[in-house]
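Pasting the sequence and the predicted model now:
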Amino acid sequence: MFKKKSHFALLGATLLGAAVLVACGGGGGDTAPATPVSTLGTLAVSLTDAPACGFDAVNVTVSKVRVHRSDSALDTESGWTDITLNPARKINLLNLSNGVLEALGQTSLEAGRYTQMRLVLDTNANTVVPVDGKTELPLETPSAVQSGIKLVGAFEVNAGRKTEVVLDFDACKSVVTRGKGSYALKPVVKVVPVAANGISGFVSTAVLGRGVQVSAQQNGSIVSATTPNPATGEFFLSRLAPGNYDVVITADNSAASVVAAVPVASATSTTVLSTLMAPILLAPGNTGSIGGAVTMTPASTEPAFVAARQTFAAGPTVTIKYAGADLASGAYTIAKLPVSAPQFASYSATLPLSFSAGSAAPAGKYRVEASATGYAARAVDGVDIGSSNQSNVHFALSR
């Protein structure tokens, strides 16, 4: 009896030990359960601005940023992820020049490619303050903005990493007049690289306070623009795709200065044009104006813009200044255009740059071009403000 009982006891102990081994995952060691791999990344969105023409403040109120994988998704469809600003934030775009960023927020997203982004504004809380004006005026905002300003530009979100996106709100092209004393918002916003590369320099403090504008251009089209620091004259044309740019500097009662073929070598490099001790000087000069009206057939609420351009001998064509046509009347005025010949310099890594008027375009003469999205551009050559302003340069645009 004793032996039989011991046999069953031994068998029971063996089975119990086996059960314990199975419960512990076998005898192969202390292997921990696998940690689930996260498929989430982070999207962070910021806002920056090109300068506004003719305003002391341009205030937009941002309520949210929306993202979607599909570039054709409607605002009512599922699949949107929102960065909500609560409360909605009023931002003066003019505080965001020279590469300054306003962080709008961030959110977690499934890793992958996103092809649509929308910037949503409060339609009743956007305002402007005209230059030398004391009154903050309402900025008429289209109802379509309620569903968001659709932005062009795809981006990738990687698991476990942060993707940063910068929205460049072009205040100068986004605010247009609608009749006397009224302004409308026609948003022009693009997605730009987050890396702060570009072109930097200083203009003389003697011209600060005289409406100084600095722009980087390619083939006469403005790619980026800014205003110098009001105390030091420093400027930074930021977030430029690698390539060559023509830099144009204008100020009231001054000839324009143009630096041709300025290289931006990479997405992280900055090209310096001048220093604090040797800033760019603008030659003094008189100014004039070009005006007229733009009509469009068929009629449209699309804004039209008129640019005054000059071409250098064996050099680039550049835009000196431009203006938007009034949405109601089509009238436009490009004011404070230089009458004197522009000063010209080819880029050199050896500073200071040497400017001259020797290869400049004829003094006071412009090619004036009108354009609007969806319409064929029109131009008038040889518009001369050397002896008097020109107020009858009209354009008829058609599709």
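Structure's in. What do you need? Owing to the predicted nature of the structure, the values given are computational and were not obtained by experimental measurement.

For the stretch 1-150 of the chain, which segments count as strands?
Listed from the start of the chain, the stretch 1-150 of the chain has strands (DSSP state E, counting those that start in this stretch) covering 40-50, 55-68, 81-92, 102-110, 112-114, 116-121, 127-130, 137-140, 149-151.

Could I get those in JSON lines, plus columns for mean pLDDT, mean neighbour count and distance to residue 278?
(C-beta placed from N, C-alpha, C; glycine too.) Formatted as JSON lines, the strands of the stretch 1-150 of the chain follow (pLDDT from 0 to 100; neighbours: other Cβ atoms under 10 Å; distance: least, Cβ to Cβ, whole Å):
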{"stretch": "strand 40-50", "mean pLDDT": "90", "mean neighbour count": "20", "distance to residue 278": "26"}
{"stretch": "strand 55-68", "mean pLDDT": "93", "mean neighbour count": "21", "distance to residue 278": "31"}
{"stretch": "strand 81-92", "mean pLDDT": "95", "mean neighbour count": "15", "distance to residue 278": "32"}
{"stretch": "strand 102-110", "mean pLDDT": "95", "mean neighbour count": "15", "distance to residue 278": "32"}
{"stretch": "strand 112-114", "mean pLDDT": "94", "mean neighbour count": "14", "distance to residue 278": "45"}
{"stretch": "strand 116-121", "mean pLDDT": "94", "mean neighbour count": "22", "distance to residue 278": "40"}
{"stretch": "strand 127-130", "mean pLDDT": "91", "mean neighbour count": "19", "distance to residue 278": "35"}
{"stretch": "strand 137-140", "mean pLDDT": "91", "mean neighbour count": "17", "distance to residue 278": "40"}
{"stretch": "strand 149-151", "mean pLDDT": "90", "mean neighbour count": "18", "distance to residue 278": "40"}
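
Kindly provide the distance from residue 378 to residue 60.
From residue 378 over to residue 60 the distance is 31 Å, taken as Cβ to Cβ, to the nearest Å.

where does the protein have low pLDDT?
1-38, 51-52, 358-361 (pLDDT under 70).

Tell me which residues touch the nearest residue to residue 335 once chain neighbours are set aside, please.
The spatial neighbour of residue 335 that comes closest, neighbours along the chain excluded (Cβ to Cβ, 6 or more residues apart in numbering), is residue 289 at 4.8 Å. With contacts taken as Cβ atoms under 8 Å, 6 or more residues apart in numbering, residue 289 has the following neighbours: 333, 334, 335, 336, 337, 385, 389, 390, 391.

Mind listing the residues bridging to the fifth one?
In this case it means residue 337. With beta bridges defined as DSSP bridges, residue 337 has these partners: residue 288.

Surely it and residue 385 touch.
Yes: using Cβ atoms under 8 Å, residue 337 is in contact with residue 385, at 6.2 Å.

so what sits against both of the two?
For the pair residue 337 and residue 385, residues contacting each of them under the criterion Cβ under 8 Å, 6+ apart are 288, 289, 290, 366.

What about the last one, how many residues nearby?
This means residue 366. The burial count assigned to residue 366 is 28, neighbours taken as other Cβ atoms under 10 Å.

State the next helix or strand along the chain beyond the one helix or strand it maps to.
Following DSSP states H and E, one finds residue 366 within strand 365-372. Toward the C-terminus, strand 365-372 is succeeded by strand 378-384 as the next helix or strand (DSSP H and E).

Which positions in that next one come out as buried?
Neighbour-count burial for strand 378-384, with 16 or more other Cβ atoms under 10 Å as criterion, is recorded at 378, 380, 383.

just stretch 171-183 next, same as before
For stretch 171-183, a neighbour-count test (16+ other Cβ under 10 Å) marks 171, 172, 173, 174, 175, 176, 177, 178, 183 as buried.
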